[in-house]
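Asks: got a predicted structure plus its sequence, pasted below:
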Amino acid sequence: MLKETFQRKTISFYRYFYLENPQEFRDNIFHDWFSLDCFGRIYVAREGINAQMSIPEHHFETFLETLRKYEILDGIPIKYAIEDDGKSFYKLTIKVRPKLVADGLDDGTYDVTNVGKHLSGIEFHEQIGKENTVVVDMRNYYESEIGRFEGAICPEADTFREELEIVTDLLADKKDKKVLLYCTGGIRCEKASAYLKNQGFKDVNQLHGGILEYARQIKSANLDSKFIGKNFVFDERLGESVNGEIISKCHQCGTPCDSHTNCDNHGCHILFIQCPVCAEKYNGCCTPECAHEKTSGLARSKENRIGFGNSRKYRKSLSLIREEQSR
Ligand SMILES: [Zn+2]
Ligand SMILES: [Zn+2]
């Protein structure tokens, strides 16, 4: 890799389709792409493909030809990385998985290829706020709490499965309305839109390329963002601000804050929002109990660990807890 004298392009693509034999398909594309020195991380399932790749520039045309070879890959929309040094991957990994996005549903429950209408960032922007339109955030609650589209429905879900159920319930009397779905990069909505169509929703639309693509298009068209707050991305930055507004609160004292952190008691490690003042006061922990455990070195027994090693386990905000208590 270090000795390479040619340039590479970083791309990504995904699509839902139906595959009889994912392993055989995986072996075929591995053979094609390995011989072209392609690198990347690709997942193949009975329900489709999700790929991030780096392709040698001098093989790019030949690579596109390999896509045309397979009916299910022909004409697949390819996204090109914006900031690209071409050094995103160092080998080619193609894994067969049971599912692309875990929805907890059996195969064949609904047609995953019957997806909603794709809207560009600009089209989505224009539809928001119109009459007879509902906007739905298909991400988990820890993501929508700190950033969302104006007026969006943000279900209190921790998993995609939960999300699908809650959304279907919440919109039960809105099956004739125009539904606008969005998520971080678009792939969740492929599935969610197919699911909702199967549930009888008539006009299902989705933001193509997700919030990431929306932010890019809005910026280049010089429009005011209708996405307010931070877009939660799971890397070391834990969120990039789209319009600089803070719409969430510290889970401990309620002051405006949008920084997620994990409880510093390693027996807990739960994900929550904490302001700098509370971080100091509780020694980086989610509760006085955790702060005590951390300093006393009392190890919690395995059974009592809430979310050890699971940084996505989310602690609900104070307002949600209060609402629940008052019910
Ligand atoms: Zn605080
Ligand atoms: Zn804790």
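Replies: That came through, no problem. Numbers count the residues shown, from 1 in each chain. Ligands and ions are numbered 1, 2, ... in the order given.

Asks: can you pull out the low-pLDDT segments for the stretch 201-327 of the chain?
Replies: 231-244, 297-327 (pLDDT under 70).

Asks: interface residues of it facing ligand 1?
Replies: By Cβ under 5 Å from the ion, the residues of the stretch 201-327 of the chain that approach ligand 1 are C250, Q252, C253, C275, C278. C-beta: built from backbone N, CA, C; applies to glycine.

Asks: again, only this time at 6 Å
Replies: For the stretch 201-327 of the chain, the contact set with ligand 1 under Cβ under 6 Å from the ion comprises C250, Q252, C253, T255, C275, V277, C278.

Asks: which of the residues you listed count as buried?
Replies: C250, Q252, C275, C278 (16 or more other Cβ atoms under 10 Å).

Asks: out of those, who's nearest ligand 2?
Replies: Within these, the smallest distance to ligand 2 is 11.2 Å, found for Q252 (Cβ to the ion).

Asks: where's the residue nearest the centre of the chain relative to ligand 1, distance?
Replies: By Cα atoms, centre = their mean, the chain has its centre lying nearest to T184, at 4.3 Å. In this view, T184 and ligand 1 are 26 Å apart by Cβ to the ion, to the nearest Å.

Asks: out of the residues of the stretch 201-327 of the chain next to ligand 1, which sit inside helices?
Replies: V277, C278 (DSSP state H).

Asks: quick one: the strands in the stretch 1-150 of the chain?
Replies: Counting by DSSP state E, counting those that start in this stretch, the stretch 1-150 of the chain has strands at residues 8-16, 39-45, 48-56, 79-80, 92-96, 117-119, 133-137, 147-149.

Asks: so what touches the first one?
Replies: Residues outside strand 8-16 that contact it (Cβ atoms under 8 Å, 6 or more residues apart in numbering): 39, 47-57, 60, 72-73, 76-81, 84, 86-88, 100, 112-113, 115, 186-187, 190-191, 194.

Asks: one step back: secondary structure element for the residue nearest to the centre of the chain?
Replies: According to DSSP states H and E, T184 maps onto no helix or strand at all.

Asks: against N140, how distant is it?
Replies: Taking Cβ to Cβ, to the nearest Å as the measure, T184 falls 10 Å from N140.

Asks: Q23 now?
Replies: From Q23 to N140 the distance is 31 Å (Cβ to Cβ).

Asks: give me the more crowded residue out of these two.
Replies: Neighbours were counted for Q23 and for N140 using other Cβ atoms under 10 Å; N140 has more, 22 against 10.

Asks: quick one: the more buried one from E162, how far?
Replies: For N140 relative to E162 (Cβ to Cβ), the value is 9 Å.

Asks: same question for E280.
Replies: Distance from E280 to E162, by Cβ to Cβ: 34 Å.

Asks: who's more crowded, these two?
Replies: Taking other Cβ under 10 Å, E280 and E162 do not tie; E162 has more neighbours (15 against 10).

Asks: chain neighbours aside, what residue packs nearest to that one?
Replies: Distance criterion Cβ to Cβ, 6 or more residues apart in numbering; nearest residue to E162, sequence neighbours excluded, is P155 at 7.6 Å.
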